[in-house]
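A.B. asks: With the sequence up front, the predicted model follows.
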There are 2 protein chains.
Amino acid sequence: MKSLKSSVHKTFAVLEHFTPQKSEWGVTELAKHLGSNKSTIYRFLSDLQSLGVLYKDKKTEKYSLGLKLFELGNRVPLKSAFIDITHPILESVAANISETVHIAILKNAKVFYIDKVESPQGLKISSQIGSSNPIHCTALGKILLAYLQEDAQKNIVKDLYENDALTTFTKNTITGPRNLLKELKQIKDQSYAIDMEELEIGLICIAIPIFNQNNEPIAALSASGPANRFDSKQVPRYVNTLKKGADAIQNQIGYFKP
Amino acid sequence: MKSLKSSVHKTFAVLEHFTPQKSEWGVTELAKHLGSNKSTIYRFLSDLQSLGVLYKDKKTEKYSLGLKLFELGNRVPLKSAFIDITHPILESVAANISETVHIAILKNAKVFYIDKVESPQGLKISSQIGSSNPIHCTALGKILLAYLQEDAQKNIVKDLYENDALTTFTKNTITGPRNLLKELKQIKDQSYAIDMEELEIGLICIAIPIFNQNNEPIAALSASGPANRFDSKQVPRYVNTLKKGADAIQNQIGYFKP
DNA sequence: AAACACTGTTTTATTATATGAAACCAATAA
DNA sequence: TTATTGGTTTCATATAATAAAACAGTGTTT
């Protein structure tokens, strides 16, 4: 606490001590842990409490994180905040797999690319950050859809169908709503999605979901490359590496079961 | 800004300016809004950014809320933090309906009562905060279950069945897993749950869900009382009042669609 | 191209607030 | 009773926050 300069840093040093493992702190207890004076911590805690950032149990006089933080946390626009955290992880996944790696979210019923790291190999996928692709014929789209709540999933598929958005791109494109729903079910069972040249002949993509604390798929991670490099022997290794990347991201964003 | 004393207050005054409506701020812009000096706000923003509390877009140089807040927000133990916010709302609902009002969450496959406000009438339900009741025979349990993701819902019902937890309490208790799932579907359709003397003869209860930002039911609100006071004419009014209460709570916790 | 307007950033002297020590208070245990 | 353990308040002092001004980079206007 002494080495920290600004009160902003001090404030969050205090807040960081409230973890899932130790969610309640008393004044003296926390002061000892931070190497600070009781009265200093007292003032921090009571100020934070008056703002609703901390909650004070009336009986035990212990503090825990409050609703104000809950509210602020839910205001965070994940798209931009993500990149700083996730980019280094994409890089390590791309280095391991030697294919182009993307991270994307679902937005306006499309797959929206947030970030990518290109394959170090010469032959690679060309894509653009900020652009979007259809849901029904991409591994990213399918994995994100597969883990949605059933209602939402059905509604999206229905909407896509009714708006003639289940466009045929290749002979492999899944264009029937029934088939798509069946595919989504299978994807959820096997825990990863694969796009077998459904958007573009010669292009294969494997995707893995990234969950938030509510087990909802907030984003997805993918590896894509030319079909000839994706023989079935490689798939488990790719899936594995992607999963490790997804885990790393989940840890970074403070993943835990409530 | 000038009237605020502690830097903790100032810090959160800054953070509060990042809303869903205006999620990005530059230094000068925010300084004007807060009536503060540019350099002061610059320090706040860059300190917050160095902690990951704010995210700084490299191109636009604008700040928005960062992942650290997302993480802290997801650590908030809702149970305790809730009460301060929700109790006054429960009180107004109870005053309007003139029945005992409860707020509860799902925990360890049981309905866990967080808070209550008793009916002003003489004849009322006796219950204890901190105690729990079964899911399958209470309006609160059924409404919370009804809005869960389909998988989770089925798993819980299966678990209850396999552990002989679908106990018979009255002749109205739903004890078959099939019937329970059917009931849950109907509850979701009508958007409220009703317990028709399923736990105790003479006791009726109506419940409404409270959603978080992901449209998940984090808690539920209920009105309960003696069966003779719950004739079918009253139900719409009770549901309506409960819904207003749920809305108020959702607003308090910063509810909005992403 | 020059002048201008608009950012974010850094520096500095001054002011205001955060700090720790000690005293105080309340509840509980010995 | 006294001792102990927590939270709370007070106050002189040290320290960090502040505003003003200068600086730097960018894009716009003349």
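C.D. replies: Sure, I can see it. Numbers count the residues shown, from 1 in each chain, chains lettered A, B, ... in the order given.
A.B. asks: Next, work out how far apart the closest residue to residue A:157 other than its chain neighbours and residue B:81 are.
C.D. replies: Nearest residue to residue A:157, sequence neighbours excluded (Cβ to Cβ, 6 or more residues apart in numbering or on different chains): residue A:177, at 5.1 Å. The C-beta positions use only the backbone N, C-alpha and C, and glycine is treated the same way. Remark: distance between residue A:177 and residue B:81 (Cβ to Cβ, to the nearest Å) = 42 Å.
A.B. asks: any idea how far residue B:112 is from the residue nearest to residue A:157?
C.D. replies: For residue A:177, the distance to residue B:112 - Cβ to Cβ - is 40 Å.
A.B. asks: Looking at the two, which one has more neighbours?
C.D. replies: residue B:112 (19 against 16; other Cβ atoms under 10 Å in any protein chain shown).
A.B. asks: beta partners of that one?
C.D. replies: residue B:105, residue B:132 (DSSP bridges).
A.B. asks: List the contacts of it.
C.D. replies: B:79, B:104, B:105, B:106, B:130, B:132 (Cβ atoms under 8 Å, 6 or more residues apart in numbering or on different chains).
A.B. asks: By neighbour count, which of the residues you listed wins?
C.D. replies: Most surrounded of the contacts of residue B:112: other Cβ under 10 Å gives residue B:104, at 27 neighbours.
A.B. asks: just checking, what packs against the host helix or strand of residue A:178?
C.D. replies: Per DSSP states H and E: residue A:178 is located in helix A:177-190. In terms of contacts (3 or more Cβ pairs under 8 Å, 6 or more residues apart in numbering or on different chains; DSSP states H and E), helix A:177-190 is packed against helix A:139-146, helix A:150-162.
A.B. asks: dump the residue contacts of the residue in chain A positioned nearest to DNA strand D.
C.D. replies: Distances between chain A and DNA strand D by Cβ to the nearest atom of the strand are smallest at residue A:26, namely 2.6 Å. By Cβ under 8 Å, 6+ apart, the contact list for residue A:26 reads A:60, A:61, A:62, A:63.
A.B. asks: So the residue of chain A most remote from its centre versus residue A:183, what's the distance?
C.D. replies: The centre of chain A is farthest from one residue, residue A:39, which by Cα atoms, centre = their mean lies 39.9 Å away. According to Cβ to Cβ, residue A:39 and residue A:183 sit 62 Å apart.
A.B. asks: what residue ranges in chain A are flagged as low confidence?
C.D. replies: Scanning chain A for pLDDT under 70 picks out the ranges A:1-4, A:108, A:120-131, A:212-214, A:253-258.
A.B. asks: What parts of it come near DNA strand C?
C.D. replies: A:1, A:2, A:7, A:10, A:36, A:37, A:38, A:39, A:40, A:43, A:44 (Cβ under 7 Å from any atom of the strand).
A.B. asks: Where does the stretch 51-200 of chain A get nearest to chain B, which residue?
C.D. replies: Minimum separation of the stretch 51-200 of chain A from chain B (Cβ to the nearest Cβ) falls at residue A:73, amounting to 1.3 Å.
A.B. asks: where's that residue relative to residue B:46, distance?
C.D. replies: Residue A:73 is 21 Å from residue B:46, by Cβ to Cβ.
A.B. asks: show me the contacts for residue A:52.
C.D. replies: Residue A:52 sits next to A:66, A:67, A:68, B:84, B:85 when contact means Cβ under 8 Å, 6+ apart.
A.B. asks: Now flag whichever of these is closest to DNA strand C.
C.D. replies: Looking across the contacts of residue A:52 and measuring by Cβ to the nearest atom of the strand, the closest to DNA strand C is residue A:68, at 18.2 Å.
A.B. asks: Need phi/psi at the closest one.
C.D. replies: The phi/psi pair for residue A:68 (degrees, to the nearest 10) reads phi -60, psi -40.
A.B. asks: Give me the distance between the closest residue to it other than its chain neighbours and residue B:165.
C.D. replies: Spatial nearest neighbour of residue A:68, excluding adjacent residues (Cβ to Cβ, 6+ apart): residue A:52 at 3.7 Å. As for residue A:52, its distance to residue B:165 is 37 Å (criterion: Cβ to Cβ).
A.B. asks: and what of residue A:187?
C.D. replies: To residue B:165, residue A:187 is 32 Å away according to Cβ to Cβ.
A.B. asks: secondary structure element for residue A:251?
C.D. replies: Applying DSSP H and E, one finds residue A:251 within helix A:235-252.
A.B. asks: ditto for residue A:231
C.D. replies: Assigned by DSSP H and E, residue A:231 falls outside every helix and strand.
A.B. asks: ok, it to chain B distance?
C.D. replies: To chain B, residue A:231 is 33 Å away according to Cβ to the nearest Cβ, to the nearest Å.
A.B. asks: Just want the phi and psi numbers for that residue.
C.D. replies: As for residue A:231, its main-chain torsions (degrees, to the nearest 10) stand at phi -80, psi 160.
A.B. asks: Now do it against residue B:209, distance only.
C.D. replies: Residue A:231 sits at a distance of 48 Å from residue B:209 (criterion: Cβ to Cβ).
A.B. asks: got it, and residue A:66?
C.D. replies: When residue A:66 is compared with residue B:209 (using Cβ to Cβ), they lie 22 Å apart.
A.B. asks: How about residue A:103?
C.D. replies: 32 Å.
A.B. asks: Residue A:93 too?
C.D. replies: From residue A:93 across to residue B:209, the span is 39 Å (Cβ to Cβ).
A.B. asks: now residue A:216
C.D. replies: To residue B:209, residue A:216 is 17 Å away according to Cβ to Cβ.
A.B. asks: out of those two, which sits in the more crowded spot?
C.D. replies: Legend: neighbour count by other Cβ under 10 Å for residue A:216 and residue B:209, higher for residue B:209 (25 against 18).
A.B. asks: what about the more buried one, is that helix, strand or coil?
C.D. replies: Following DSSP: H, G, I helix; E, B strand; the rest coil, we place residue B:209 in the strand state.
A.B. asks: Wait, it touches residue B:144, no?
C.D. replies: Yes: shown here, residue B:209 and residue B:144 form a contact pair, counting by Cβ atoms under 8 Å, at 6.8 Å.
A.B. asks: what do those two both touch?
C.D. replies: Common contacts of residue B:209 and residue B:144, defined by Cβ under 8 Å, 6+ apart, comprise B:217, B:219, B:220.
A.B. asks: which one of those residues is nearest residue B:14?
C.D. replies: residue B:219 (30.0 Å; Cβ to Cβ).
A.B. asks: count of residues packed around that closest one?
C.D. replies: Other residues near residue B:219 come to 26 when the count uses other Cβ under 10 Å.
A.B. asks: Mind telling me what element it is part of?
C.D. replies: With DSSP H and E as criterion, residue B:219 is part of strand B:217-226.
A.B. asks: name the element the spatially closest residue to residue A:31 that is not a sequence neighbour belongs to?
C.D. replies: Of all residues not flanking residue A:31 in the chain, residue A:41 sits nearest, at 4.1 Å (Cβ to Cβ, 6+ apart). Residue A:41 is located in helix A:38-50, with elements delineated by DSSP H and E.
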